[in-house]
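In: how does the following fold in three dimensions:
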Amino acid sequence: MERRRLLAVLAALAVATGCSTHDDEADPSQSASASSDGARHAVEAYVDALNSRSATGLIRVGGVKDESWSRQEAAHILADRGGREWKIKDVQIDHDMGPDTGSARLLAEGKAGKSLRDTFTVTREKGVWHLAVFTHQPNGKGKESSSTDKPGS
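Out: Residues are numbered from 1 along each chain as shown. Here you go, the predicted model:
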């Protein structure tokens with residue numbers, strides 16, 4: 001599971017680095033603030049999806065295709081965390097991997113007093129922020145997964 005997250009982060013970094021443009025007149029403090037606001041809204045959308053038990057909301061905030069595998073994983077997430085009337089106590093966004101990739105830390109409390117603490121990788125694609133909440137994405141039909149093992153001779 002952690003390996004997939006790492007691969008997702010590395011892929012996002014490669015895309016962000018290769019496709020970035022620079023505006024010499026842009027105010028860096030404003031763009032960092034806007035980035036944090038967008039990432040925070042993604043975290044809020046995640047909590048809203050949990051509270052409303054919305055698989056579609058999770059899929060949207062996760063930035064994945066609405067397919068059977070994503071519906072199945074969303075159902076697992078909702079079974080574990082959904083419908084608990086989470087109230088956000090704190091969200092911290094850190095753009096530690098660039099302006100379009102970073103991490104978000106969430107602290108929320110449920111109606112029954114139970115706490116939810118989670119850390120997500122956040123990525124911005126085409127101006128929309130997503131959370132890496134889906135960890136069981138298929139590697140594609142007919143494709144073998146990449147391996148770090150030495151090839152057999």
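
In: from here on, contacts and neighbour counts on C-alpha atoms
Out: Fine.

In: the nearest residue to Gly38 once chain neighbours are set aside sits in which helix or strand?
Out: Spatial nearest neighbour of Gly38, excluding adjacent residues (Cα to Cα, 6 or more residues apart in numbering): Trp129 at 6.1 Å. Using DSSP states H and E, the element containing Trp129 is strand 128-131.

In: for the record, mean pLDDT for that strand?
Out: What strand 128-131 shows for mean pLDDT is 96.

In: that one pairs with which strands, parallel or anti?
Out: In the sheet, strand 128-131 lines up against strand 115-125 (antiparallel) (DSSP bridges).

In: in the strand holding Trp129, what's buried?
Out: Neighbour-count burial for strand 128-131 flags 129-131 (criterion: 16 or more other Cα atoms under 10 Å).

In: what's next to it, contact-wise?
Out: Defining contact as Cα atoms under 8 Å, 6 or more residues apart in numbering, one finds that strand 128-131 is touched by 38-39, 42-43, 60-63, 120-124.

In: go again using 10 Å as the cut-off
Out: 35-43, 45-46, 58-64, 100-104, 119-124 (Cα atoms under 10 Å, 6 or more residues apart in numbering).

In: of these, just the buried ones, PyMOL syntax please.
Out: To isolate the buried members of these in PyMOL, using 16+ other Cα under 10 Å:
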select buried, resi 35+36+38+39+40+42+43+45+46+58+59+60+61+62+63+64+100+101+102+103+104+119+120+121+122+123+124
